[in-house]
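Asks: Quick one, fold the following:
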Amino acid sequence: MSVELTTLLIILNLVLFLLAGFPVAFSLIGVSIIWLISLHGLTVLSIIPATIFDTATTEIFIAAPLFIFMAIALERAGIGTLLYEAIHSWTTGIPGGLAVGTVIASTLIAAMTGIGGTAVLVLGVLAVPEMVRRGYDMKLAIGGLPPGGALGVLIPPTVVGVLLGGFAGIPIGSLFFGAAVPGFLIAGLFCVYIIVRCLLNPALAPRVPVAERPTFRERLYVTRQIFLPGLLIFLVLGSIWWGVATPSEAAGVGAFGTILIALLQRKLTFRSFAEILQTSTQVSVMVMTLLAGGALFSRLLQFSGSARLLSEYIIGIDAGVMGTIVLFLVIIVILGMFIDGAAIIFIATPIMMPVITALGVDSVWFGVMLMVCIAIGYVTPPFGMNLFYLRGILDQIRTRPGMEAVARVSVTDIWAACLPYVFLMVLVVAAILIWPELATWLPSHM
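Replies: Modelled structure (predicted):
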């Protein structure tokens, strides 16, 4: 069987498994085992457990479960709620202040948790009802939350950054700080967009009356409550920046520090600790299973010659460096409409990274743009995860008094409200293409 036909059948087999509803991880594992045996016989079975073991015990991937544990512990300790209250207290006086505060809070929660959907789940039950009660336009009230939550992919420490760096061979510290500038730039553009809209049409977001705004002393009090989590994030990222600790070591410090903070704030009980362990274990097992599937699929593409064939074919198209990069980024966005960001990394990078290396492209520059495109996938239909997270939150709060308008919001309405923010994210990708320094300047000073 020719390499061309083998490659086509492997891709069709994977697509068939995904369309049949099999989880991505098991689709990757199943296709890999079937085709490795078909091409090389039963003797290849010894490679499968060796590949899984080598991947699972790679030091750099230890950071992923630790960051996941840190994220879940912070969320269960109520840090997200405290953070929203602190940001909300400082933004009530500006145009669209509650919506701006929601974007800022979701960005900072993303920085604390490193997971794309956490902010939507934490802030959906807090921010949306508050804005609806204040008479905010519904699209303004819900539009910034899913895109803001997607910034968890970019703002370090990010689990996606750990997986991409470890799997694609890109320095994780460089990815962390390379993605930070675009992440905060996107958050800033979101805030500017909201403020400009509310200045042009004040009816979209009635101002909070002066008498109901927190005093300066009250603002300082609620801000003080998030000092320790903020200090923890600074220490985790600072240790990576100054080379004091590897990402895995920094993740361990972050996980341990989160437990200490929860104990100091009296938010940790034996029951809640058991729930944190259970949830983080479930998420970590899911991620590591995906990782194993991705490693086997990568090995299949190498053994079958498909990786070399696809690389040579893409380079042979002669679209130029920029044309090839744009093509890859469009593919990532399209994949993001259907599957999770981690799955995209394990499916796409074995094909894309050899081409990127052959073209002499800066891997950090490309990796940051890839991460922004993965973040876009969290808020693009038909299966943008954050759209459905928010849909689920709205279903929970629509029965509350005064939330009748929420009951009429559909997934289509959520997507329409998010569309301007998606455009701003695409704009930042274009800016990184034109000015690579947006992604490479900060890592170059590590």
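
Asks: quick one: the residue positioned nearest the centre of the chain and Glu312, what's the gap?
Replies: When C-alpha atoms, centre = their mean is applied to the chain, the residue found nearest the centroid is Val153 (2.4 Å). Distance of Val153 to Glu312, given as C-beta to C-beta, to the nearest Å: 31 Å. Every residue, glycine included, has its C-beta placed from N, CA and C.

Asks: With Phe338 instead?
Replies: Phe338 is 27 Å from Glu312, by C-beta to C-beta.

Asks: who's more crowded, the two?
Replies: Phe338 (17 against 12; other C-beta atoms under 10 Å).

Asks: Skipping its backbone neighbours, what lies nearest the more buried one in space?
Replies: Nearest residue to Phe338, sequence neighbours excluded (C-beta to C-beta, 6 or more residues apart in numbering): Phe383, at 5.4 Å.

Asks: ok now do the closest residue to the residue nearest to the centre of the chain other than its chain neighbours, which residues does it touch?
Replies: Once flanking residues are discounted, Val153 sits nearest to Ala375: 4.2 Å by C-beta to C-beta, 6+ apart. Contacts for Ala375 (C-beta atoms under 8 Å, 6 or more residues apart in numbering) come out as 116, 150-151, 153-154, 341, 425.

Asks: which one of these sits closest to Pro229?
Replies: Distance ranking of the contacts of Ala375 against Pro229, using C-beta to C-beta, places Leu151 first at 17.1 Å.

Asks: where's the closest one relative to Val15, distance?
Replies: In terms of C-beta to C-beta, Leu151 sits 30 Å off from Val15.

Asks: what do you get for Thr380?
Replies: Taking C-beta to C-beta, one finds Thr380 at 19 Å from Val15.

Asks: What of Ala99?
Replies: 40 Å.

Asks: Who has more neighbours out of these two?
Replies: Ala99 (31 against 12).

Asks: Not including adjacent chain positions, what is the nearest residue to the more buried one?
Replies: Nearest to Ala99 is Ile194, by C-beta to C-beta, 6+ apart, at 4.9 Å.

Asks: I'd assumed Thr102 was in contact with that neighbour.
Replies: No - contact criterion C-beta atoms under 8 Å: Ile194 and Thr102 do not qualify, at 9.1 Å.

Asks: Spell out which residues are contacts of both of the two.
Replies: Common neighbours of Ile194 and Thr102 (C-beta under 8 Å, 6+ apart) are Gly144.

Asks: okay, these two: which has more neighbours?
Replies: In this view Ile194 and Thr102 are compared by other C-beta under 10 Å, and Thr102 has more residues nearby, 33 against 27.

Asks: Which of the helices or strands spans the more buried one?
Replies: Using DSSP states H and E, Thr102 maps to helix 97-113.

Asks: Check the secondary structure at Tyr221 for me.
Replies: Under DSSP: H, G, I helix; E, B strand; the rest coil, Tyr221 falls in the helix class.

Asks: pLDDT wise, what is it at?
Replies: The score at Tyr221 is 81. That number is its pLDDT.

Asks: Tell me the spacing between it and Leu8.
Replies: 63 Å.

Asks: check contacts around Gly384.
Replies: Here Gly384 is in contact with 146, 336-337, 377-378, 415 (C-beta under 8 Å, 6+ apart).

Asks: Relative to Ala358, which of those is nearest.
Replies: Gly336 (24.7 Å).

Asks: so what's the closest one closest to, chain neighbours aside?
Replies: In space, Gly336 is closest to Gly377, 1.6 Å off (C-beta to C-beta, 6+ apart).

Asks: How about Ile261?
Replies: Going by C-beta to C-beta, 6+ apart, Ile261 has Leu228 as its nearest residue, at 5.0 Å.

Asks: Now name the helix or strand holding that neighbour.
Replies: Going by DSSP H and E, Leu228 is in helix 227-241.

Asks: Alright, calling it a day.
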